[in-house]
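A.B. asks: I would like the atomic coordinates for the input below:
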Amino acid sequence: MTMSRYSRLSESMKVNGFDIVVINPGPTLTYLTGLHFHLMERPTLLIYRLGYKPVLILPELEIGKITSSTIDLVPVTFGDDPSTWPHIIKKALQSLEIGRGKIAVEPTRLRFMEIDLLSRTIPGLEFANGEAVFTALRIQKDQGEISAMRKAVAIAQTAFKTTLPLIRSGVTELEVASALTIELLKAGSSTELPFQPIVASGPNSANPHAVPTHRQLNNGDLVVIDWGAAYEDYCSDLTRTFAIGEISTELSQIYETVRLANEAGRKAGQPEIEAGEVDRAARKVIEDAGFGEYFTHRTGHGLGMEGHEAPYMFGANALHLNTGMVYTVEPGIYLPGKGGVRIEDDVVVTQDGSESLSDFPRQLTFLP
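C.D. replies: As a prediction, the model looks like this:
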């Protein structure tokens, strides 16, 4: 399995005009090698040139991890004295016969520290956006990856069901978020969650990326809860919205509108349609109900080893969906000063349509 990933990387490099890639700690490095490293003050770099064995530059203290690599690597280690690092990196690049050339990097991950070290070592290097290389590598999931994501969804739903009795008038957003985090870990999530749970009540729920506060849940509030789990390096990402006691007619109306938009977005997905069609299907429901200006973000994003990755579900995205792509459907309406609603599910494209990996009830639930 891993060698097929390695082969796909080579093919993607050729198609996109690169013969060298540099990868630092993150999902792509783990995807290719099975190894886990964290970004820190010491550099870790996987350098691969077509036709050569990959070289992994890493701190001496991390060398024990190499035995778990799923591909054959050439390890190059360094100590704690930063003044020695350029020499070590130069030797590694020379072993790959790299003197000049264009190097593909992940634009949202490689840091100035690594680029500066590489540039000072080999002044003729040119760094280029390798997003196309890495997107093609990971955008379609195989059955093993989908199984892991299915498990991540199940863990998230189990944890939430256990937390649900706590959610009531008088508790704070932070109390709910803390309890949910504990339940995610108890239910089997990796300790490194995809993101910290969002719990936003009342006016705070009109902020899509609110941070939990000491605000207490009150009668008449909508409460948006956005959470996810991680299992074997793969993520889930779910959102549900609840009512505390009786809510206004307007808030009930936006809830039902978002529920129907979520349903439309989930049903839209199928092979060969544009990713943007998922957004357009969900957005039309909200616009037709007169709330279009209050839907302030895209309908969804890809999901896999990262909580946000390709494909991105915005109206102008002409990328064609294919079997194995996984993404969220999360339309929302946010009324400033009043409250907001978001309902989010994780969807995989199948051979003849799409399937929601999540099935937590979407009807409005009233809590005490």
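
A.B. asks: is it true that Gln196 touches Thr181?
C.D. replies: Yes. Contact criterion CB atoms under 8 Å: Gln196 and Thr181 qualify, at 7.2 Å. Heads up, the C-betas are built off the backbone N, CA and C, glycines and all.

A.B. asks: Give me the more crowded residue out of those two.
C.D. replies: Thr181 (17 against 14; other CB atoms under 10 Å).

A.B. asks: Do you have the helices of the chain handy? List them.
C.D. replies: 2-15, 27-33, 85-95, 112-121, 131-138, 143-163, 173-187, 249-268, 275-288 (DSSP state H).

A.B. asks: As TSV, those with distance to Thr350 would be great.
C.D. replies: Listed next are the helices of the chain as TSV, based on distance: least, CB to CB, whole Å:
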stretch	distance to Thr350
helix 2-15	21
helix 27-33	22
helix 85-95	43
helix 112-121	39
helix 131-138	19
helix 143-163	10
helix 173-187	26
helix 249-268	12
helix 275-288	14
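
A.B. asks: Show me the one of those that comes nearest His301.
C.D. replies: His301 sits nearest to helix 275-288 of all the helices of the chain, at 10.0 Å, using CB to CB.

A.B. asks: List the buried residues of the closest one.
C.D. replies: Judged by neighbour count (16 or more other CB atoms under 10 Å), helix 275-288 contains these buried residues: Ala275, Gly276, Glu277, Val278, Asp279, Arg280, Ala281, Ala282, Arg283, Val285, Ile286.

A.B. asks: before we move on, the earlier item: so which of the helices of the chain is nearest Leu319?
C.D. replies: It is, among the helices of the chain and with distance given as CB to CB, helix 275-288, at 4.7 Å.

A.B. asks: Hey, what's the angle from the closest one to helix 249-268? Just curious.
C.D. replies: 160 degrees (axes from the mean of the first three to the mean of the last three CA atoms, to 10 degrees).

A.B. asks: Give me the contacts around helix 275-288.
C.D. replies: Residues outside helix 275-288 that contact it (CB atoms under 8 Å, 6 or more residues apart in numbering): 257-258, 260-262, 264-265, 267-269, 292, 294-295, 298-300, 311-321, 327, 329, 331, 333.

A.B. asks: Which ones among these lie within strands?
C.D. replies: Gly300, Pro311, Tyr312, Met313, Tyr327, Val329, Ile333 (DSSP state E).

A.B. asks: from those, which is closest to Ser169?
C.D. replies: Ranked by distance to Ser169 (CB to CB), the ones in strands among the contacts of helix 275-288 are led by Ile333 at 23.0 Å.

A.B. asks: what's the closest non-adjacent residue to the closest one?
C.D. replies: Excluding its sequence neighbours, the residue lying closest to Ile333 (CB to CB, 6 or more residues apart in numbering) is Ile254, at 4.3 Å.

A.B. asks: Likewise for Arg42?
C.D. replies: In space, and not counting its chain neighbours, Arg42 is closest to Pro59: 4.5 Å by CB to CB, 6+ apart.

A.B. asks: picking up where we left off before, hmm, Arg342 and the residue nearest to Ile333 touching each other?
C.D. replies: No. Assessed by CB under 8 Å, Ile254 is found out of contact with Arg342, at 10.4 Å.

A.B. asks: just how off-centre is the lowest-mean-pLDDT helix or strand in the chain within its chain?
C.D. replies: One helix or strand of the chain scores below all others by mean pLDDT, DSSP states H and E: helix 2-15, with a mean of 88. When distances are taken as CA atoms, centre = their mean, to the nearest Å, helix 2-15 is centred 22 Å away from the chain's centroid.
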